[in-house]
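S.K.: Need the 3D shape of this:
(one chain, ligands or ions: 2)
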Amino acid sequence: MNPKSIRIADDVADGLAKGQAVVALESSVLAQGLPFPHNVESTRACCEAIRSQGAIPAVTAIIAGTPHVGLSEADIDALIAPENRALKVGPRDFAVAVAQRRYGATTVAGTCALADAVGIRLFATGGIGGVHREADQTFDISQDLQVIAKSRVAVVTAGAKAILDLPRTLEVLETLAVPVIGLCTNRFPAFYVNDSGLSIEHRADSPADAADILRARWDVLDERGGVIFANPIDEAHAADPDLIERAIATALAQAKAQGIAGKAVTPFLLSAVAHETRGESMKANLALLEGNARMAARIAVALAER
Ligand code: PSU
Ligand code: MN
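M.R.: Ligands and ions are numbered 1, 2, ... in the order given. Coordinates of the predicted model:
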């Protein structure tokens with residue numbers, strides 16, 4: 001992607017030019033993921049968490065046809081304004097959003113592509129997309145996995161979204177040669193819950209150790225692709241696993257009955273789970289977003305120290 005096509009906010013451009021720590025944030029969670037006002041409050045809290053560690057936050061989106069890295073408050077208001085009908089955008093939607101001067105809220109895939117293009121190496125999200133349950137029937141595998149695999153970006157994520165088929169998501173990440181590193185854990189987290197029961201081979205026990213892995217991948221070995229840092233939600237904010245699994249089963253049945261397909265699946269399931277758990281899943285979602293933002297900032301700061 002041509003970096004000249006991207007409008008970079010002044011503080012972000014300045015930070016990148018000086019080699020300072022910068023952390024990208026997605027905007028799909030703003031426009032499709034969380035209801036107002038939690039969406040705006042959550043993004044503000046994530047930006048604050050990043051600043052508190054000495055890094056610069058950069059929310060990405062397409063604003064009236066121009067890709068942006070670093071949004072103003074006015075950009076965020078415009079992105080979530082119902083009349084602007086923001087699209088959920090990954091790289092496959094970029095050309096259409098630009099050509100048609102649309103607003104686009106970037107998914108993990110979209111955010112990775114924009115971050116990579118401008119040289120932002122750390123990205124904090126809630127949970128990446130992956131292989132959906134029954135993907136053997138639907139072929140529904142998130143664009144996120146392929147784009148992470150080819151972007152020079154490290155994604156800090158609370159595992160993958162719990163609505164997914166987590167064992168198969170890990171298998172596809174292996175196929176795509178994406179390293180998955182547990183942060184202070186050898187267990188793959190399950191978004192709202194800190195342990196999916198699945199093991200992951202590699203771990204890093206500090207931001208400095210995490211940054212060492214990034215330097216080895218990108219500087220020493222000169223490899224192109226991304227890295228996943230699996231950061232479990234802290235115990236105090238984790239949701240009850242049985243409640244979550246029951247809610248997911250209900251949500252999946254509703255999605256099937258209503259014929260929900262394609263990119264509508266993930267937003268539908270997450271909001272159905274929030275409804276079924278009377279907001280418990282959303283509370284966990286807000287906590288893990290902020291925790292991931294803080295951790296990504298720590299790793300970005302460690303990476304910037306040379
Ligand atoms: N968080 C939400 N809802 C979402 C997403 C995040 O609460 O829709 C976005 C993320 O940006 C993630 C994307 O990258 O959903 C995955 O969607 P899909 O499964 O369609 O690839
Ligand atoms: Mn999909």
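
S.K.: how many other residues sit next to the residue lying closest to Val40 once chain neighbours are set aside?
M.R.: Excluding the flanking residues, the one nearest Val40 by Cβ to Cβ, 6 or more residues apart in numbering is Ile76, at 6.6 Å. Every C-beta, even on glycine, is put in place using the N, C-alpha and C of the backbone. The burial count assigned to Ile76 is 20, neighbours taken as other Cβ atoms under 10 Å.

S.K.: In terms of helices and strands, where is Ile76?
M.R.: If you go by DSSP states H and E, Ile76 is part of helix 73-80.

S.K.: got the contact list for that helix?
M.R.: 27, 30-31, 36, 39-40, 43, 59, 61, 63-64, 68, 71, 84, 86, 103, 105 (Cβ atoms under 8 Å, 6 or more residues apart in numbering).

S.K.: Out of the residues you listed, list just those in helices.
M.R.: Those of the contacts of helix 73-80 mapping onto helices are Asn39, Val40, Thr43, per DSSP state H.

S.K.: Of these, select the buried ones using a PyMOL command.
M.R.: To isolate the buried ones among the ones in helices among the contacts of helix 73-80 in PyMOL, judged by 16 or more other Cβ atoms under 10 Å, type:
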select buried, resi 39+43
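
S.K.: Need the ones in helices among the contacts of helix 73-80 in JSON lines (columns: pLDDT and distance to ligand 1).
M.R.: Shown next, in JSON lines, are the ones in helices among the contacts of helix 73-80 (pLDDT from 0 to 100; distance: Cβ to the nearest ligand atom, whole Å):
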{"residue": "Asn39", "pLDDT": "97", "distance to ligand 1": "9"}
{"residue": "Val40", "pLDDT": "97", "distance to ligand 1": "14"}
{"residue": "Thr43", "pLDDT": "98", "distance to ligand 1": "12"}
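
S.K.: Please, where are all the helices along the stretch 151-300 of the chain?
M.R.: Using DSSP state H, counting those that start in this stretch, the helices of the stretch 151-300 of the chain run over 166-175, 207-215, 241-257, 265-276, 280-304.

S.K.: and of those helices, who's closest to Val118?
M.R.: For those, the distance to Val118 is smallest for helix 280-304, at 13.9 Å, taking Cβ to Cβ.

S.K.: Flag every buried residue along that closest one.
M.R.: Buried residues in helix 280-304 (16+ other Cβ under 10 Å): 280-304.

S.K.: Stretch 42-61 now?
M.R.: 42-43, 45-47, 49-50, 53, 55-61.

S.K.: what's the farthest-apart pair in the residues you listed?
M.R.: Once Cβ to Cβ is applied, these give Gln53 and Ala61 as the farthest pair, at 23.0 Å.
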